[in-house]
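Visitor: Need coordinates for the below:
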Amino acid sequence: MSIQFNDFERIFNPENVAVIGVSSEGFGFGKGILLSLKAIGYAGNLYPVNPKGGTISGLKIYRSIDEIPGSIDFAIIAVPAQKVPDALESCRKKGAVGAEILSSGFSEVATPEGFELDRQIKEIAAKGIRVIGPNCFGIYCPKSGLTMLPGPDLSREAGAVAFLSQSGGLSIDFAYLGKWRGIRFSKMVSFGNGCDLRETEMLEYLRCDPETKVICLYIEGVKDGRKFFKVLSDTTMEKPVIVMKGGLSDAGGRAVASHTASMGGSHKIWKSALRQSNAVQVENLQEMSDMALAFSMLPLQEYKGMTVIGGGGALGVNATDMADKMGLSTPPLRTDIQEKIRQILPQPGSSPANPIDIANPFVPPQILKETILHASGDGNIQIHIMIQLLHSYKSLASNMGENHMRKVTPIDSLVTACSSSVTEGGKPLVMILPNYKQELEAMDIEEVIREVRKKLLSTGIPVFDRVKDALKTIAAISLYEARRKAIY
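Guide: Reported below is the predicted structural model:
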């Protein structure tokens with residue numbers, strides 16, 4: 001059943017939401033999602049439903065869906081599996097364009113009863129209500145205030161990254177990971193078993209969604225492989241799609257069969273098909289977050305030349321070695337530019353070549369800015385990577401008799417210098433903030449790094465813990481753009 005764009009808009013931005021399966025006593029999925037919706041600040045009308053009635057958090061609990069005044073746009077169903085079909089049908093009759101079913105006990109349990117319940121859900125959906133799930137965590141949409149289990153404290157700041165996932169746990173983990181990493185989401189959907197709405201149809205919608213610029217997928221199996229890869233190929237011509245495929249090993253395939261009743265598939269076939277579709281394949285959630293951060297913050301272009309800037313010669317050498325292995329170039333800067341950089345860097349110990357060795361981690365931020373601006377004047381350079389050893393300020397603070405490294409760390413001036421170097425130089429910058437001192441006595445290092453990361457992210461500068469992770473994302477962006485141009 002094809003979905004209309006306006007129907008999807010009502011699903012993600014509902015004005016009236018019914019939550020079926022809410023109890024004023026104890027704690028279950030229904031009560032949990034209702035309280036999470038209130039906590040995150042959903043501003044529409046909430047209608048909790050339970051045959052026992054009562055009140056919860058200042059809201060009347062309706063004894064049936066029919067008792068709800070007026071119509072509803074969206075329903076969240078959290079009742080025992082055998083009661084789901086009747087609840088879904090009542091929601092359809094009440095005007096709901098969509099529903100998410102949090103309940104489990106369907107095809108994933110591989111019983112005749114579970115398969116029959118799946119069939120009934122599909123039959124009701126075909127009458128005119130779209131279904132997410134069952135066996136899912138539902139929708140997270142920062143713009144409207146919809147949240148998934150158990151997300152009362154997810155970010156309300158909307159962004160450009162969408163995520164479609166067969167796993168509920170992976171969805172909420174990615175949402176929390178994105179909150180501190182600087183990834184902001186347009187829409188996130190945990191679709192579980194995918195009885196009705198699933199990866200292909202939602203991918204088609206996200207391709208047309210103006211609020212979404214980058215799409216992430218976690219899939220365990222697809223319903224129609226040929227159609228999926230056709231839609232995927234069409235989508236990657238317009239927007240990058242980052243894919244994490246579960247169940248590619250024998251053991252993983254058995255696990256996904258019991259998780260969402262899906263088939264894992266061949267690793268070689270999937271890898272080849274994803275490459276032909278120009279999708280970006282990742283192996284784990286950390287790698288997906290790296291890619292989502294870079295693809296959403298950096299200009300999509302081929303990066304043929306880069307600088308590596310940091311204190312310590314070996315750091316730069318290692319970074320250039322890794323870059324070379326990933327197909328990235330760190331060309332020597334023009335002679336005149338090297339001379340300009342040489343004149344501002346501390347001596348001895350520094351080097352204006354590429355990599356640029358700034359000699360020590362305490363070089364004033366203004367000099368770092370001037371270094372970046374000079375390097376940006378080289379036409380062979382498209383992007384800068386800076387490695388900042390902020391943990392070194394811990395030792396400086398100790399030597400100066402300070403009890404917290406914040407007192408000697410130029411946090412705000414560093415952020416300002418980096419941000420203005422991008423604005424004035426016209427070349428993107430990626431920051432690396434490693435921390436090699438993680439003993440209990442050095443907690444203030446982590447505090448400062450987190451603050452710097454947050455402030456840099458707010459200016460549009462992506463931040464990574466490791467050089468390797470940053471280089472991998474830059475190489476992925478460059479390859480994605482090169483393939484897209486070749487297809488065109």
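Visitor: for the host helix or strand of residue 290, packing partners?
Guide: Of the helices and strands defined by DSSP states H and E, residue 290 is found in helix 285-297. Applying 3 or more CB pairs under 8 Å, 6 or more residues apart in numbering; DSSP states H and E, we find helix 285-297 packed against helix 168-181, strand 214-219, strand 241-245, strand 280-282, helix 467-487. For the C-beta atoms, the positions are set from N, CA and C on the backbone; glycine is no exception.
Visitor: could you redo these as a markdown table and give each row mean neighbour count, distance to residue 333 and mean pLDDT?
Guide: Output for the helices and strands packed on helix 285-297, formatted as a markdown table (neighbours: other CB atoms under 10 Å; distance: least, CB to CB, whole Å; pLDDT from 0 to 100):
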| stretch | mean neighbour count | distance to residue 333 | mean pLDDT |
| --- | --- | --- | --- |
| helix 168-181 | 19 | 31 | 97 |
| strand 214-219 | 26 | 32 | 97 |
| strand 241-245 | 24 | 33 | 97 |
| strand 280-282 | 22 | 30 | 97 |
| helix 467-487 | 18 | 18 | 96 |
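Visitor: pLDDT-wise, which helix or strand of the chain ranks last?
Guide: Using mean pLDDT, DSSP states H and E, helix 250-260 stands out as the lowest-scoring helix or strand of the chain, at a mean of 49.
Visitor: quick check: angle from whichever helix or strand comes after that one to helix 467-487?
Guide: Note on helix 250-260: by DSSP H and E, the next helix or strand toward the C-terminus is helix 267-276. Interaxial angle, helix 267-276 versus helix 467-487 (axes from the mean of the first three to the mean of the last three CA atoms, to 10 degrees): 60 degrees.
Visitor: Please identify the buried residues of helix 267-276?
Guide: 270, 273, 274 (16 or more other CB atoms under 10 Å).
Visitor: Counting by contacts, list what that helix packs against.
Guide: Using 3+ CB pairs under 8 Å, 6+ apart: helix 267-276 touches helix 225-236, strand 241-245, strand 280-282.
Visitor: could you redo those as CSV and give each row distance to residue 451?
Guide: Formatted as CSV, those follow (distance: least, CB to CB, whole Å):
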stretch, distance to residue 451
helix 225-236, 36
strand 241-245, 28
strand 280-282, 28
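Visitor: wait, which of the ones you listed is closest to residue 413?
Guide: strand 241-245 (34.6 Å; CB to CB).
Visitor: and the angle from that closest one to helix 467-487?
Guide: 120 degrees.
Visitor: got the helices and strands packed on helix 285-297 as a markdown table, with distance to residue 102 columns?
Guide: Conversion of those to a markdown table gives the following (distance: least, CB to CB, whole Å):
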| stretch | distance to residue 102 |
| --- | --- |
| helix 168-181 | 8 |
| strand 214-219 | 18 |
| strand 241-245 | 23 |
| strand 280-282 | 27 |
| helix 467-487 | 34 |
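Visitor: Could you pull up the residues touching residue 400?
Guide: residue 408 (CB atoms under 8 Å, 6 or more residues apart in numbering).
Visitor: let's go with 10 Å and repeat that
Guide: 393, 407, 408 (CB atoms under 10 Å, 6 or more residues apart in numbering).
Visitor: Give me the PyMOL select line for these, limited to the buried ones.
Guide: Per 16+ other CB under 10 Å, the buried members of the contacts of residue 400 correspond to this PyMOL selection:
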select buried, resi 393+408
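Visitor: which one among the contacts of residue 400 gets closest to residue 229?
Guide: Nearest member of the contacts of residue 400 to residue 229, counting by CB to CB, is residue 393, at 50.1 Å.
Visitor: quick one, phi/psi of the closest one?
Guide: phi -70, psi -20 (degrees, to the nearest 10).
Visitor: Residue 362 is in contact with that one, correct?
Guide: Yes - contact status for residue 393 versus residue 362: in contact at 7.7 Å, counting by CB atoms under 10 Å.
Visitor: who touches both of those two?
Guide: 408, 409, 410.
Visitor: Closest to residue 336 out of those?
Guide: residue 410 (29.2 Å).
Visitor: Grab the nearest non-local neighbour of residue 338.
Guide: residue 352 (4.2 Å; CB to CB, 6 or more residues apart in numbering).
Visitor: Ok, residue 416 next?
Guide: Per CB to CB, 6+ apart, closest to residue 416 is residue 365, 7.2 Å.
Visitor: Distance check, that neighbour against residue 420.
Guide: From residue 365 across to residue 420, the span is 10 Å (CB to CB, to the nearest Å).
Visitor: of these two, who's got more company?
Guide: residue 365 (19 against 16; other CB atoms under 10 Å).
Visitor: which phi and psi does the more buried one have?
Guide: phi -50, psi -30.
Visitor: quick one: it from residue 429, how far?
Guide: According to CB to CB, residue 365 and residue 429 sit 13 Å apart.
Visitor: Pull up the overlap in contacts between these two.
Guide: By CB under 10 Å, 6+ apart, the residues touching both residue 365 and residue 429 are 418, 421.
Visitor: how many neighbours does residue 425 have?
Guide: 18.
Visitor: Now for it: which residues touch it?
Guide: 369, 372, 373, 374, 375, 376, 377, 381, 384.
Visitor: make it 7 Å
Guide: By CB atoms under 7 Å, 6 or more residues apart in numbering, residue 425 lies in contact with 372, 373, 376.
Visitor: Look up how far residue 350 lies from the nearest residue in space to it that is not next to it in sequence.
Guide: In space, and not counting its chain neighbours, residue 425 is closest to residue 376: 3.3 Å by CB to CB, 6+ apart. Per CB to CB, residue 376 is found 19 Å from residue 350.
Visitor: Kindly report the same for residue 412.
Guide: Relative to residue 350, and taking CB to CB, residue 412 is found at 25 Å.
Visitor: quick one, which of these two is more surrounded?
Guide: More crowded of residue 412 and residue 350, by other CB under 10 Å: residue 350, with 19 against 12.
Visitor: hang on, isn't that one packed against residue 359?
Guide: Yes - counting by CB atoms under 7 Å, residue 350 touches residue 359, with 3.9 Å between them.
Visitor: State the distance from the residue located most distally from the centre of the chain to residue 308.
Guide: Going by CA atoms, centre = their mean, the residue of the chain most distant from its centre is residue 348, 43.2 Å out. Between residue 348 and residue 308 the computed distance is 20 Å (CB to CB).
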